[in-house]
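Please find the sequence and the predicted model below.
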Amino acid sequence: MHACVLMDNHVHLLATPAACGDLSRMMQKLGRQYAGLFNARHQRTGTLWEGRYKACLIGDERYLLACQRYIELNPVRARITEDPLAYRWSSCAAHLGQRSGSMLAPHPAWLALDADPGERSRIWRDLLDEALTEEQLSEIRAYLQQQRAWGRDAFRAMVEAKIRCFAGTRPAHRPSKRGE
């Protein structure tokens with residue numbers, strides 16, 4: 001796992017699975033075992049999060065770092081905090097060098113920001129201080145909602161060739177009937 005944020009009604013994870021299907025199995029196990037333990041401890045029933053598990057493939061460093069920013073800025077967009085570092089249930093503090101002993105596996109794209117950990121944290125802080133544009137937010141949400149491959153055209157073409165299925169997003173509305 002490279003980044004995460006736990007919200008009241010959902011969780012965002014940025015992960016690279018070791019093998020095909022590992023992420024789905026992890027989410028299934030989390031939904032079954034952890035939810036049961038949590039519900040027993042808090043004397044409640046039902047699911048922990050709204051909606052179903054969704055995932056999308058991410059193309060390259062540019063898209064990965066935007067996705068990581070999207071995840072760590074989620075509490076700010078939700079107006080829970082003004083500073084993502086202040087939100088306890090996020091990977092942000094680990095990426096900014098404020099939490100040691102993290103179980104995160106830093107992604108090579110994040111490590112490539114700088115060889116020096118202090119400078120890398122400063123660069124990451126600067127990136128977090130830049131809000132994602134509405135266009136970036138809409139694009140990330142569309143690819144995640146439709147569970148598509150998010151990246152450059154060549155990446156999507158490679159994914160389409162491997163899975164023999166369309167990997168881009170489709171418009172949210174139904175197509176109009178011909179002749180109307």
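Noted; the coordinates are in hand. Numbers count the residues shown, from 1 in each chain.

how about low-confidence regions in this protein?
For the chain, applying pLDDT under 70 flags the ranges 171-180.

all strands for it, in order.
Secondary structure of the chain (DSSP state E): strands at 3-6, 11-14.

closest one to residue 167 among those?
strand 11-14 (18.9 Å; C-beta to C-beta). Every C-beta, even on glycine, is put in place using the N, C-alpha and C of the backbone.

Direction included, what does that closest one pair up with?
strand 3-6 (antiparallel) (DSSP bridges).

what does the strand it pairs with rub up against?
With C-beta atoms under 8 Å, 6 or more residues apart in numbering as the test, strand 3-6 has contacts from 11-14, 67-68, 71-72, 74-75, 87, 89-92, 95, 104, 107.

Let's see that with 6 Å instead.
If you take C-beta atoms under 6 Å, 6 or more residues apart in numbering as the criterion, strand 3-6 is touched by 12-14, 68, 71, 74, 89-91.

Now, of those residues, which are buried?
Among the contacts of strand 3-6, those buried by neighbour count (16 or more other C-beta atoms under 10 Å) are 12-14, 68, 71, 74, 90-91.

Can you say which two of the contacts of strand 3-6 are spatially most distant?
The largest distance within the contacts of strand 3-6, taken as C-beta to C-beta, falls between 68 and 89 and amounts to 15.7 Å.

which residues in the chain form helices?
22-29, 35-41, 61-72, 74-77, 92-95, 108-111, 117-129, 134-145, 153-163 (DSSP state H).
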